[in-house]
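Asker: Please find the sequence and the predicted model below.
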Amino acid sequence: MKIQKISHKTLAETAAAKVAASLLDGSLAQGSQLPPERELMNQLGISRATLREALKALEENRLVEARPHVGWFARKIDDTNITQAKELANDGETRSSRTATNEPLTGPRRIPVAPEKPIHIPNLQKDRLGTFEFISWWEREKVKQAKVLIIGAGALGNEVIKNLALMGVGNIFIIDFDKIEAANLSRSVLFRESDNNRSKAEVAAARAKAVNPEVHIQYLNGDVTTGLGLGIIRRMDAIIGCLDNREARLAVNRFCYWMNKPWVDGAIQELLGLLRVFVPGEGACYECTLTEQALRDLSLRYSCQLLARQNVLLGKVPTTPTIASIIGGMQSQEALKLIHSMTVEPGKVVHFNGLTNMMHTTAYVPREDCESHWAYGEITELPARAERTTLQDLLRIARSDLGPQAVIELDQELVISLECPNCHTMEQVLQPLSQITFEAGHCPTCGTLRDAQFTHLITGEENFLHRTLSSVGVPALHILRAQNGLEYRFYELTGDLPEALHFRHFEQNPSEKTQPLNERIRLKGELHLPDSSTSSSRIRIQIKEEPPQNTVSIKPKAAPIQIKKDKKDKIKLSASTATKHIRYESVERPVRGTSNLGRGRVKVCKL
Ligand SMILES: [Zn+2]
Ligand SMILES: [Zn+2]
């Protein structure tokens, strides 16, 4: 995965190359007059200044000549200028054509690993990603096909998501469990004041789609440590961590190692930031960088995970949008390099100190005994789904492969019961730890933090084997481990794939456009909007009274709805897709409305 030497071409050089290539392949006749400047500018998608620079280069290489008051003419290609023409057209093309025509075949031919990028002059007026074509190593198709997971949609996440959308990274998956609050607005380019209390992941995804409708987006409102199926990570080209705590970083690091995927970590505090890339098997991993003390703290907190989960929310650090741009920008670039299989520096850290503007790189020392350094073996894809498959079903499959001793190892602790040390009361729970709130962990009678009995091994002795995998905290498209003391097997819930990984959020569904929204709205009632995963990014419903004379007053109950009244006393209600329903309180008389979802009427009537 060595990076090739970058020969950066300017716009003018690329344009000159195009003309030289046309001369060589005959599409531009030798001795003929070139089209007028304006036409050439359009054809090549460049400015007049750039065109003149290109023509100058062609003239210096004796490929074109200017005839005063007439225009530019292509010269004849002969021994005096053919070398220049080929060199100018493209080094790679020259080489390959020479191999094909001039050189005798003397033995097996060497096949180039990566054929030279063909010259393509984009139309900058119509092609939003056109300028990237001029970057010598940019591979449009690779970027378009890339799948990138962004974990965290805070200050860093906003920057990374924005950058990836701008660059046309084709498939973006965003996960975050948090909701937007006013304080996020100072550091998050994708959030608006009206987004208060909405899911960060969803809003960021919707805005990324608005920034570049050509990219495919999916979001998940959940916790990466427990809510993301490993099958999603398994299908990614790069993972970018935009996290603010160690617990989540440690989890992401392990997941990426298990799935053998590279991940890019960024961290910011005030004007300081750091960037690191971790590639399984190449240098240190995130866990290697943690001190003994930090690891002890983490394991200590694991013994009291209810508190640990609470602490994550408390550990917020002050940051600025500027350092988020710097580090988020670097993270995006590293992801781009990973997509292009370019050289990265795994196991190293880039420190950026915004106070002194000093930047330095240091390598971490990999630790032989690091607990993260495990990779899953061959993965068996089952047509099973987390919501339908029971523990018993999975155990049966594991035992047919591994024998009657096989057990299942859950990734998340399952809380069997909670016992109050004070009142000595015992409550049966059977819930994944992540679903037990801080409050629920305490005794309802005396308020003491209760002792929890956990398990993560399913041995076949349990009295809850009929429970589904999702009910014990296994996310969709997860990959589960089973072992018999000698060997492991890995089972993916591949039946979840179509729903768990689709990159189709906020995609305009053409069939839906004509589907009328023909619902009756009742006062103090709710209007159910179509599922946000398939509808357009913004729904507008216009309600006007009938007959149109008096004022209609509609008060929204839910925050994200905007109501505006125009000159003709039309009342416009608009809600984002995050709002599944619109509530309103009073309408003085029956009104009728229309929506941009279809031609059908939205009827509003009194209750
Ligand atoms: Zn490690
Ligand atoms: Zn108690």
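Answerer: Noted; the coordinates are in hand. Note that the structure is a prediction, hence the values are computed from the model and not measured. Ligands and ions are numbered 1, 2, ... in the order given.

Asker: Near ligand 1, which residues of the stretch 151-300 of the chain? Just list them.
Answerer: Where the stretch 151-300 of the chain comes near ligand 1, counting by CB under 5 Å from the ion, the residues are 285, 287-288. All C-beta atoms are positioned from the backbone trio N, CA, C, and that covers glycine.

Asker: Give me the buried positions along the helix or strand hosting E65.
Answerer: Per DSSP states H and E: E65 is located in strand 64-67. Neighbour counts over strand 64-67 (16 or more other CB atoms under 10 Å) mark V64 as buried.

Asker: CA atoms only for it, dumped as CSV, please.
Answerer: In CSV, the C-alpha atoms belonging to strand 64-67 read as follows (Å, rounded to 0.1, in the frame of the first residue of the first chain):
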residue,chain,number,x,y,z
VAL,A,64,-0.2,24.7,-32.0
GLU,A,65,0.5,28.0,-33.6
ALA,A,66,-1.2,31.3,-33.5
ARG,A,67,-1.9,33.1,-36.7
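
Asker: Of the residues of the stretch 151-300 of the chain next to ligand 1 - the most surrounded one?
Answerer: C285 (28 neighbours; other CB atoms under 10 Å).

Asker: where's A452, which helix or strand?
Answerer: A452 belongs to strand 451-458, assigned by DSSP H and E.

Asker: Actually, R399.
Answerer: helix 391-402.

Asker: Would you mind listing the outside residues contacting the helix or strand hosting A206?
Answerer: A206 belongs to helix 200-211 when assigned by DSSP H and E. Helix 200-211 is contacted from outside by 153-154, 157-158, 161-162, 164-166, 172, 174-180, 184, 188, 190-191, 195, 215, 217-222, 505-506, 532, 537, 576-578, using CB atoms under 8 Å, 6 or more residues apart in numbering.

Asker: Show only the entries of those residues found in strands.
Answerer: 172, 174-176, 217-221, 576 (DSSP state E).

Asker: number of nearby residues for the residue of the stretch 51-200 of the chain found nearest ligand 2?
Answerer: Closest approach between the stretch 51-200 of the chain and ligand 2, counting by CB to the ion: F177, at 29.5 Å. Burial of F177, expressed as a neighbour count using other CB under 10 Å, amounts to 21.

Asker: And it, how close does it get to L220?
Answerer: F177 is 9 Å from L220, where distance means CB to CB, to the nearest Å.

Asker: go on, C370?
Answerer: For C370, the distance to L220 - CB to CB - is 28 Å.

Asker: From what I see, G283 and V344 are in contact.
Answerer: No. Checked against CB atoms under 8 Å, the pair G283 and V344 is beyond contact range at 10.3 Å.

Asker: In terms of packing, which of the two has more residues around it?
Answerer: Higher neighbour count among G283 and V344: V344, with 21 against 18, using other CB under 10 Å.

Asker: Show the contacting residues for the more buried one.
Answerer: The neighbourhood of V344, defined by CB under 8 Å, 6+ apart, consists of 262, 277, 279, 334, 337-338.

Asker: So which residues on the stretch 101-250 of the chain come close to ligand 2?
Answerer: So far as CB under 5 Å from the ion goes, the stretch 101-250 of the chain does not lie against ligand 2 anywhere.

Asker: of all of the stretch 101-250 of the chain, which residue lies closest to ligand 1?
Answerer: Counting by CB to the ion, the stretch 101-250 of the chain gets nearest ligand 1 through L250, at 10.2 Å.

Asker: looking at this, that residue is in a strand?
Answerer: No. Counting by DSSP: H, G, I helix; E, B strand; the rest coil, L250 is not part of a strand but helix.

Asker: Same drill for C370 and L220, tell me which one is more crowded.
Answerer: L220 (26 against 18).

Asker: What is the distance between the helix or strand harbouring L275 and the centre of its chain?
Answerer: Using DSSP H and E, L275 sits within strand 272-278. Using CA atoms, centre = their mean, to the nearest Å, the mean C-alpha position of strand 272-278 is found 19 Å from that of the whole chain.

Asker: Need the residues that contact it.
Answerer: 253, 256, 262-267, 284-286, 289, 323, 326-327, 330-331, 334, 338, 344-355, 364.

Asker: Mutual contacts of F177 and L220, please.
Answerer: In contact with both F177 and L220: 201, 227, using CB under 8 Å, 6+ apart.

Asker: re earlier: quick check: mean pLDDT across the helix or strand following the helix holding R399?
Answerer: Per DSSP H and E, the first helix or strand lying C-terminal to helix 391-402 is strand 407-419. What strand 407-419 shows for mean pLDDT is 92.

Asker: What is the subsequent helix or strand relative to strand 407-419?
Answerer: Criterion used, DSSP H and E; the element after strand 407-419 is strand 426-432.

Asker: Output that following strand as PDB, restricted to C-alpha atoms.
Answerer: Presented in PDB, the C-alpha positions along strand 426-432 are these (Å, rounded to 0.1, in the frame of the first residue of the first chain):
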ATOM      1  CA  MET A 426     -34.700  -8.800  45.100                       C
ATOM      2  CA  GLU A 427     -36.100  -7.800  41.700                       C
ATOM      3  CA  GLN A 428     -36.000 -10.100  38.600                       C
ATOM      4  CA  VAL A 429     -35.000  -7.900  35.700                       C
ATOM      5  CA  LEU A 430     -33.500  -9.700  32.700                       C
ATOM      6  CA  GLN A 431     -32.500  -6.600  30.700                       C
ATOM      7  CA  PRO A 432     -29.300  -5.600  29.000                       C
END
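
Asker: and G460, what is it in contact with?
Answerer: 395, 399, 407.

Asker: ok so, going back, for the ones in strands among the contacts of helix 200-211, pick the one with the most neighbours.
Answerer: I174 leads the ones in strands among the contacts of helix 200-211 on contacts (other CB under 10 Å) with 29 neighbours.

Asker: From V215, how far out is that residue?
Answerer: In terms of CB to CB, I174 sits 11 Å off from V215.

Asker: which ones are touching the residue of the stretch 401-550 of the chain found nearest ligand 1?
Answerer: Residue of the stretch 401-550 of the chain nearest ligand 1, by CB to the ion: D411 (18.4 Å). Contact partners of D411, counting by CB under 8 Å, 6+ apart, are 226, 456, 474, 478, 480-481.
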